[in-house]
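*Asks:* Provided below are the primary sequence and the corresponding predicted coordinates.
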Amino acid sequence: MYKSYKFNYLFNVALSAIAVILAVTPANALPEQNISTVVKWAKTRPLLPTLRYNSEAHGYEGTKGNLYFYADVTSQDGTVTKEGITVSGDSSIKFTTKNAKAVKLLQNIYNSNIANDFQKSRYVTKVGRDQFYRGQKFAYITAAVQGGSSLQIIPLNKLQEFIDNAKYCQTNQCDV
């Protein structure tokens, strides 16, 4: 009887600890997650717009103020392949690893783990207007766009594929 009580007690303590960790850990919707998770997550982020499906873009997108957010998905299983943020009309925000306002924006949208991963990421290469960075958790593509700055978050294991595709599109007609 004593062993059974002790086991139940330890099991309940462990289960309670896991519940606390899950409750305190902020939810993040990032590439390689299901789009339904991303759409639900975006609804909880005050800076993000409501996301709507765009069949031409094969993904979900929305604009709120000067911030545009999108998540591209695979048609097969609804997995997010990349996410992007574009801020226009604010020249003080440039998605670079050294721009404090851009890093703070990432922290406010995602969390400090993603902001720090981007801030500490290593520059890899530039192809056209796109600059590619390798973080510990994700890879990032930044670009100066007309009237603003953009950042894409992609799976780390797809970085070379995105670089190769950008190089290919420099000399071939590609859908953007």
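*Replies:* It's in.

*Asks:* any buried residues in stretch 30-39, and which?
*Replies:* The neighbour-count check on stretch 30-39 (16 or more other C-beta atoms under 10 Å) flags Leu30, Pro31, Gln33, Ile35, Val38, Val39 as buried. For the C-beta atoms, the positions are set from N, CA and C on the backbone; glycine is no exception.

*Asks:* in contact with the second one, which residues are there?
*Replies:* Contacts were defined as C-beta atoms under 8 Å, 6 or more residues apart in numbering; by that measure Pro31 touches Val80, Thr81, Lys82, Glu83, Phe138, Ile153, Ile154, Pro155.

*Asks:* could you tell me the phi and psi values at Thr50?
*Replies:* Phi and psi for Thr50, reported as degrees, to the nearest 10, are phi -70, psi 130.

*Asks:* if any of the contacts of Pro31 are buried, give me the PyMOL selection for them.
*Replies:* Buried subset of the contacts of Pro31, written as a PyMOL selection, criterion 16+ other C-beta under 10 Å:
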select buried, resi 80+81+82+83+138+153+154+155
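
*Asks:* rewinding a little: ok, so of the buried residues of stretch 30-39, who is nearest Arg134?
*Replies:* Distances from Arg134 to those, taken as C-beta to C-beta, are shortest for Pro31 (14.3 Å).

*Asks:* the closest one looks like it's in a strand, true?
*Replies:* No: per DSSP: H, G, I helix; E, B strand; the rest coil, Pro31 lies outside any strand segment and is coil.

*Asks:* low-confidence ranges in the protein?
*Replies:* Where the chain drops to pLDDT under 70, the residues are 1-29, 75, 175-176.

*Asks:* where exactly do the strands run in it?
*Replies:* Using DSSP state E, the strands found in the chain span residues 52-54, 59-64, 67-73, 80-88, 122-127, 130-134, 138-145, 148-155.

*Asks:* got TSV for these, with distance to Lys101 too?
*Replies:* Shown next, in TSV, are the strands of the chain (distance: least, C-beta to C-beta, whole Å):
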stretch	distance to Lys101
strand 52-54	27
strand 59-64	17
strand 67-73	13
strand 80-88	9
strand 122-127	19
strand 130-134	18
strand 138-145	14
strand 148-155	10
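
*Asks:* and Ala166, which of those is closest to it?
*Replies:* It is, among these and with distance given as C-beta to C-beta, strand 122-127, at 4.0 Å.

*Asks:* quick one: contacts of that closest one?
*Replies:* Thr97, Gln131, Phe132, Tyr133, Arg134, Gly135, Ala139, Leu159, Ile163, Ala166, Lys167, Gln170.

*Asks:* quick check: neighbours of it in the sheet, parallel or antiparallel?
*Replies:* Partners of strand 122-127 in the sheet, by DSSP bridges, are strand 130-134 (antiparallel).
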